[in-house]
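Novice: Pasting the sequence and the predicted model now:
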Amino acid sequence: MYTAAVITVSDKGYRGERVDTSGPNLCGILKERGFDVTYTAMVPDESGMIQTELRKCADELGIALVLTTGGTGFSPRDITPEATLAVLERLTPGIPEAMRAESMRITPKGCLSRSVAGIRRRTLIINLPGSKKASQENLLAVIDPVAHGLDMLYSEGSADCAK
């Protein structure tokens, strides 16, 4: 069982003007898939605060999987990918590519997602859209390969990729 965190990025949610539905939904999916959700947070669309939460999860708490939800669109306040890139050590471009490909099956607007994913230390960080529906669809598109990726990330040599 791997640990997980969900960080919701939303100005309105942070100010109490909107109820967060995507964060709790993602926590439920993770728990159903055997993850131990040990940390959740809500932050505004502020780069420094997003980076602080990501560093806390990776460096202090040693969480295996961190999901962010929100801030991946085209709005001037949508800066989650840039904040995430500032803390990543290695990119994992196949994850957001797979999420966008799956989203494109549902709506042509799926190509507009700016989500990124990558590794900091032994923590995999994945940006998801802010809506409950889109974040769920994106997570379910990659959750099985992500579990294998965590096996590789936490192996002492290399995980058995032939499985």
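Specialist: All right, it came through fine. Residues are numbered from 1 along each chain as shown.
Novice: This structure: strands as residue ranges?
Specialist: 3-9, 36-43, 65-69, 90-91, 117-120, 123-128 (DSSP state E).
Novice: export those to CSV and tack on distance to Ser75?
Specialist: The C-beta positions use only the backbone N, C-alpha and C, and glycine is treated the same way. Output for those, formatted as CSV (distance: least, CB to CB, whole Å):
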stretch, distance to Ser75
strand 3-9, 11
strand 36-43, 16
strand 65-69, 15
strand 90-91, 23
strand 117-120, 20
strand 123-128, 14
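Novice: for the ones you listed, which one sits closest to Gly23?
Specialist: strand 3-9 (4.0 Å; CB to CB).
Novice: The helix ranked longest in the chain vs strand 123-128, what angle?
Specialist: Across the chain, the longest stretch assigned as helix under DSSP state H is helix 132-153. Interaxial angle, helix 132-153 versus strand 123-128 (axes from the mean of the first three to the mean of the last three CA atoms, to 10 degrees): 160 degrees.
Novice: What lies in contact with helix 132-153?
Specialist: Contact with helix 132-153 is made by 2, 21-22, 25-26, 29, 33, 64-65, 67, 69, 92, 95, 98-99, 101-103, 106, 113, 115, 119, 122, 124, 126, 128-129, 158-159, 161, 163, as judged by CB atoms under 8 Å, 6 or more residues apart in numbering.
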